[in-house]
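Visitor: Predicted model follows, preceded by the sequence.
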There are 2 protein chains.
Amino acid sequence: MAKRSADTGSRILDAAERLVQQRGYNGFSYADVAAELKITTASLHYHFAGKAKLGRALIERYAERFTEALATIEARLPDARARLDAYVDVYGDVLRGRRLCLCGMLAAEYQTLPKPMRQSVIQFFDDNEAWLTRVLEAGRQEGSLRFSGSAVDAARMLISGLEGAMLVARPYGEVGRFRAAVAQLLTGLAATPAGH
Amino acid sequence: MAKRSADTGSRILDAAERLVQQRGYNGFSYADVAAELKITTASLHYHFAGKAKLGRALIERYAERFTEALATIEARLPDARARLDAYVDVYGDVLRGRRLCLCGMLAAEYQTLPKPMRQSVIQFFDDNEAWLTRVLEAGRQEGSLRFSGSAVDAARMLISGLEGAMLVARPYGEVGRFRAAVAQLLTGLAATPAGH
DNA sequence: GTCTATAGGCAGATAGAC
DNA sequence: GTCTATCTGCCTATAGAC
C-alpha cells in the first residue's frame, strides 16, 4: 500500500524544481531532467506539454507547499515572534540545499518568462506578503513586535531582505552570512531591544 | 575632437550590460547584441573572443564604474547619513531603468557562470561591503547612525536588502515598492528615531 | 574591423511504433 | 507511458574574403 516511489509526474517536478532553484529557468533543459530520471525528453513531453507548462506547474506546487508550511507554523506556534522566526527558518532551509527561493530565482528572470508564469510569481509574493502582514500586525497588537510604518511595508521589507540575503549569501557558500544578515534585519523588530 | 559616438567595444559592452541586467547572462545571446548594434556575431567575436570573456569584461567595467560612483559620493557628501542615502539612490536609479544590479542578476545565475566570472562577482560584493562598512562605522562614530552588532554585519544586511528589494520590486514595475522597503530597512539605522 | 558562409551542438518539440 | 527518429531553429564559434 505504501508507495515506494513517487509517480513520474512528481519526480519530474522534483528534478525540475531543484534545477530551477539552482540554475534558473533559462539555465536548465528538458535534457537535464530526462537524464536525471533516466527517461527521454519525448516522455517528458507526455507529462508536460512544454517547458512553459512545466514551469507553471512548478510554481503552483511550490506555492501550495509554501502555503501549507505557513499553515503549519500558525497551527504549532502561538505567538507572532515565534511565527516570524519559523518563517525565516523556511528560507534558511532552502538556502542550506544550495538553492534559492524558486520565485526569487524566477523574479530575476522575470522579463524572459512566459506570460502565464509571470502572474504566478507575483501571486506567490502577494500571498507571502499577506500572511506576513497578518503575523506582524498580530505581533504589534500583542506587543511582541514593534515597527514604524505599516505592517505591509514591514512585510515587504522582510521578504525583500530574505530574498536578497539568500541571493548574496549563496555565491559565498556560507549560510552564516544569511543568518547574520537576517539577524540584523530582525533587530529593529524586537519589542525588547537586543541586549548588548 | 569630441567623440560623436563611443567605439564599438564600448557599444557592445553597453548593449550587453543592459541585456544581462534585464534578461540575465543565460537570457541573452550574441545575436541579440549584434542585432542592436547592426553588426554580425562574427564581428562581435573580433572584440570579445567568447561569451565568457564578454561577461567578465562586463563585470570589470561595472565594478569600476561603481567604485567611481562611490568615490564621487565620498568627495561630495561629508557625513555618513548623506552618503548612505546616496548609496541607496544608486540602486534606485538602476531599478528605474527596469534593470537589476548586474551582480545581483549574476548572483542568481551563479552556479551556471564560467569560473572566471564567479570570482569577479564575489569581488564586487566584497568591495561594496568594505565601502559601506567604512561609511557605517564613521556614522556610528559621528553619531549620525546607530546599529547593534558589527558594522560589517549591518553592511551585509543593507546590501542584501537592497539587492532583494530590487529583485522583488521589478516584477511589479513599481519603484515605490523598492523605496518603501528600503525606507523600512533604514529606519533602524537612524540615530534620531523616526518621529511619530 | 566587418563581412559571408558555415560548422557543430543543443534547444524544445512532434510523429508514430511499441 | 515510454521509446526511436527526426525536425527546425538558435546557439557559440571559426575560416577566410574584403
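Guide: Thanks, I have the structure now. Quantities reported herein were computed from a predicted structural model and do not represent experimental measurements. Numbering: from 1, shown residues only, chains lettered A, B, ... in the order given.
Visitor: Residue A:76 is in contact with residue A:83, correct?
Guide: No: the pair residue A:83 and residue A:76 does not pass the contact test of C-beta atoms under 8 Å, sitting 9.1 Å apart. Every C-beta, even on glycine, is put in place using the N, C-alpha and C of the backbone.
Visitor: Look at those two and report which has more neighbours.
Guide: residue A:83 (24 against 10; other C-beta atoms under 10 Å in any protein chain shown).
Visitor: For whatever helix or strand the more buried one lives in, the averaged confidence score.
Guide: Using DSSP states H and E, residue A:83 sits in helix A:80-96. For helix A:80-96, the mean per-residue pLDDT is 98.
Visitor: contact partners of the next helix or strand after it?
Guide: Per DSSP H and E, the first helix or strand lying C-terminal to helix A:80-96 is helix A:102-108. Helix A:102-108 has contacts (C-beta atoms under 8 Å, 6 or more residues apart in numbering or on different chains) with A:17, A:20-21, A:24-25, A:58-59, A:62-63, A:113, A:117, A:121, A:124-125, A:163, A:166-167, B:24, B:100, B:104-105, B:108-109, B:164, B:167-168, B:170-171.
Visitor: one step back: report whether the helix holding residue A:83 contacts chain B.
Guide: No: Helix A:80-96 stays clear of chain B (C-beta under 8 Å from any C-beta of the partner chain), getting no nearer than 10.8 Å.
Visitor: for that helix, packing partners?
Guide: Helices and strands touching helix A:80-96, by 3 or more C-beta pairs under 8 Å, 6 or more residues apart in numbering or on different chains; DSSP states H and E, are helix A:51-76, helix A:115-142, helix A:151-172, helix A:175-187.
Visitor: quick one, that helix and helix A:51-76 angle?
Guide: Put simply, helix A:80-96 runs at 140 degrees to helix A:51-76, going by axes from the mean of the first three to the mean of the last three C-alpha atoms, to 10 degrees.
Visitor: what angle do helix A:80-96 and helix A:175-187 make?
Guide: Going by the same axes, to 10 degrees, helix A:80-96 makes 160 degrees with helix A:175-187.
Visitor: Can you give me the buried ones in helix A:80-96?
Guide: A:80-81, A:83-84, A:86-88, A:91-92, A:94-95 (16 or more other C-beta atoms under 10 Å in any protein chain shown).
Visitor: can you redo those residues as JSON lines with distance to residue A:179?
Guide: Putting the buried residues of helix A:80-96 into JSON lines (distance: C-beta to C-beta, whole Å) gives the following:
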{"residue": "A:80", "distance to residue A:179": "20"}
{"residue": "A:81", "distance to residue A:179": "17"}
{"residue": "A:83", "distance to residue A:179": "18"}
{"residue": "A:84", "distance to residue A:179": "15"}
{"residue": "A:86", "distance to residue A:179": "15"}
{"residue": "A:87", "distance to residue A:179": "14"}
{"residue": "A:88", "distance to residue A:179": "9"}
{"residue": "A:91", "distance to residue A:179": "10"}
{"residue": "A:92", "distance to residue A:179": "7"}
{"residue": "A:94", "distance to residue A:179": "13"}
{"residue": "A:95", "distance to residue A:179": "9"}
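Visitor: closest to residue B:175 among these?
Guide: residue A:91 (24.8 Å; C-beta to C-beta).
Visitor: ok, back up a step: tell me the angle the helix holding residue A:83 makes with helix A:151-172.
Guide: 30 degrees.
Visitor: Run through who's touching helix A:80-96.
Guide: A:21, A:66, A:69-70, A:73-74, A:77, A:100-101, A:132, A:135-136, A:138-139, A:142, A:144-145, A:162, A:165-166, A:169-170, A:175, A:178-179, A:182, A:186, A:189-191.
Visitor: Weed out the non-buried ones from these.
Guide: Here, 16+ other C-beta under 10 Å leaves A:21, A:66, A:70, A:73, A:77, A:100-101, A:132, A:135-136, A:138-139, A:144-145, A:162, A:165-166, A:169-170, A:175, A:178, A:182, A:186, A:189 buried among the contacts of helix A:80-96.
Visitor: CA-only coordinates of stretch A:33-52, as CSV, when you get a sec.
Guide: Written as CSV, here are the backbone C-alpha positions of stretch A:33-52 (Å, rounded to 0.1, in the frame of the first residue of the first chain):
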residue,chain,number,x,y,z
VAL,A,33,15.6,16.5,-16.3
ALA,A,34,15.3,13.5,-18.6
ALA,A,35,18.9,12.4,-17.8
GLU,A,36,18.3,12.6,-14.1
LEU,A,37,15.2,10.5,-14.3
LYS,A,38,16.7,8.2,-17.0
ILE,A,39,13.8,8.7,-19.4
THR,A,40,13.7,10.5,-22.7
THR,A,41,12.7,14.1,-23.4
ALA,A,42,9.8,12.7,-25.5
SER,A,43,8.5,11.1,-22.4
LEU,A,44,8.8,14.4,-20.6
HIS,A,45,6.6,16.0,-23.2
TYR,A,46,3.9,13.4,-22.4
HIS,A,47,3.7,14.6,-18.8
PHE,A,48,4.2,18.3,-19.5
ALA,A,49,3.4,19.5,-23.0
GLY,A,50,6.0,22.3,-23.0
LYS,A,51,8.6,24.0,-20.9
ALA,A,52,6.2,26.8,-20.1
